[in-house]
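return atomic coordinates for the entry below.
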Amino acid sequence: MTLADTAPILIVEDEPKLAALLAEYLRVAGMPCRILSDGRDVLPAVRATQPRLILLDLMLPGMDGLEVCRAVREISDVPVVMLTARAAETDRLLGLELGADDYICKPFSPREVVARVKAILRRVRGAGITSAPPGSATYTNAAPPRALVIDAVRHHARLDGHELPLTPVELRLLATLASHPDKTFPRAHLLDRMYDDHRVVADRTVDSHIKNLRRKLQAIRPDEEIVRSIYGVGYRLELRTDRPGMTAARHGVTAIDNPAGAMPE
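Now for the predicted structure:
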């Protein structure tokens, strides 16, 4: 067991019975938990315990879940799963735009929550776990300093040598787009790549994650629109290769040690 495996799942829920039920199911599944009931306690807990994942209720005393999610994303890329009784799509999309990785609508089955948590943790676990999308590009220290390099196994991505603080869903989207630079991917294809369980989600969910991905890429290259929207079709990756130090191979995308032999179509 690694140190990361002993880090707790942070359950932020102000309904004591529900929080205790979730904690019981997660502990039976081998995941230690810590329960918080006030949104104001989340940031100190994240700094102190470095949790593996946060289950975050939206309706919290002290500081609502959306504000908590925004604040967490300023200091950490820990996976965040929203627990929400709000049925409106706009509420769920707002949470995703603020950096949440997933959402579960109340009422829910505790077994479903455990399954979702396990799926996300598989995607972000360290080396030796082959849960990354087939054929994802991987990062090595030999990569050129000016390129996009992705390691979906280690949940690691860099652009021009700068770390990209991506959520699991954002990393999967970027890996898919980078598999064929300059190819336009329909939204339906990107939806299939976003979640392992192939759930049915709205097209606008892709748009929300793409918006966050663009913001993080443009923080490094503010003069470029790296992820371009193709009206009525989808999105494609356009990465300039004429910047100083940039290699021309694969349109500036470094794909090293590709175990599957090919990028995903």
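
this structure: strands as residue ranges?
9-12, 33-36, 53-57, 80-84, 102-105, 148-151, 156-159, 162-163, 185-186, 227-230, 234-237, 253-254 (DSSP state E).

low-confidence ranges, the stretch 101-250 of the chain, go.
Along the stretch 101-250 of the chain, segments meeting pLDDT under 70 span 125-146, 152-154, 195-203, 241-250.

make a markdown table out of the strands of the chain and add mean neighbour count.
The C-beta positions use only the backbone N, C-alpha and C, and glycine is treated the same way. What follows is the strands of the chain, written out as a markdown table (neighbours: other C-beta atoms under 10 Å):
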| stretch | mean neighbour count |
| --- | --- |
| strand 9-12 | 26 |
| strand 33-36 | 18 |
| strand 53-57 | 25 |
| strand 80-84 | 24 |
| strand 102-105 | 18 |
| strand 148-151 | 26 |
| strand 156-159 | 20 |
| strand 162-163 | 12 |
| strand 185-186 | 18 |
| strand 227-230 | 15 |
| strand 234-237 | 22 |
| strand 253-254 | 22 |
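
so which of the ones you listed is nearest R193?
Ranking those by proximity to R193 (C-beta to C-beta) places strand 185-186 first, at 8.5 Å.

list of residues touching the closest one?
T176, L177, V233, G234, Y235, R236 (C-beta atoms under 8 Å, 6 or more residues apart in numbering).

centre of the chain to stretch 100-117, how far?
Centroid separation between stretch 100-117 and its chain, computed with C-alpha atoms, centre = their mean, to the nearest Å, is 15 Å.

need the distance between the two termini of that stretch.
Chord length of stretch 100-117, first to last residue, is 13 Å (C-alpha to C-alpha, to the nearest Å).

could you pull out the buried residues of that stretch?
A100, D101, D102, Y103, I104, P110, V113, V114, R116, V117 (16 or more other C-beta atoms under 10 Å).

distance to R221 for those residues - can I get that in a markdown table?
Below are the buried residues of stretch 100-117 laid out as a markdown table (distance: C-beta to C-beta, whole Å):
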| residue | distance to R221 |
| --- | --- |
| A100 | 25 |
| D101 | 24 |
| D102 | 28 |
| Y103 | 30 |
| I104 | 35 |
| P110 | 43 |
| V113 | 38 |
| V114 | 39 |
| R116 | 33 |
| V117 | 34 |
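
redo the strands of the chain as TSV? Include distance to P44.
Formatted as TSV, the strands of the chain follow (distance: least, C-beta to C-beta, whole Å):
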stretch	distance to P44
strand 9-12	11
strand 33-36	10
strand 53-57	13
strand 80-84	16
strand 102-105	24
strand 148-151	31
strand 156-159	27
strand 162-163	24
strand 185-186	40
strand 227-230	34
strand 234-237	37
strand 253-254	38
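
for R172, find the nearest of these.
When the strands of the chain are compared by C-beta to C-beta, strand 148-151 sits nearest R172, at 10.0 Å.

helices and strands around that closest one, which ones?
strand 156-159, helix 168-179, strand 253-254 (3 or more C-beta pairs under 8 Å, 6 or more residues apart in numbering; DSSP states H and E).

neighbours of P61, how many?
A count of nearby residues for P61, using other C-beta atoms under 10 Å, gives 10.

tell me the contacts of it?
Counting by C-beta under 8 Å, 6+ apart, P61 touches D14, S37, D38, G39.

wait, the last one sits on L60?
Same thing as G39. Yes. Between G39 and L60 there is a contact under C-beta atoms under 8 Å: 4.0 Å.

list residues touching both of these two?
V12, V68.

what is the nearest of the buried residues of stretch 100-117 to H155?
The shortest approach to H155 among the buried residues of stretch 100-117 belongs to D101, at 11.4 Å (C-beta to C-beta).

fine by me, we can end here.
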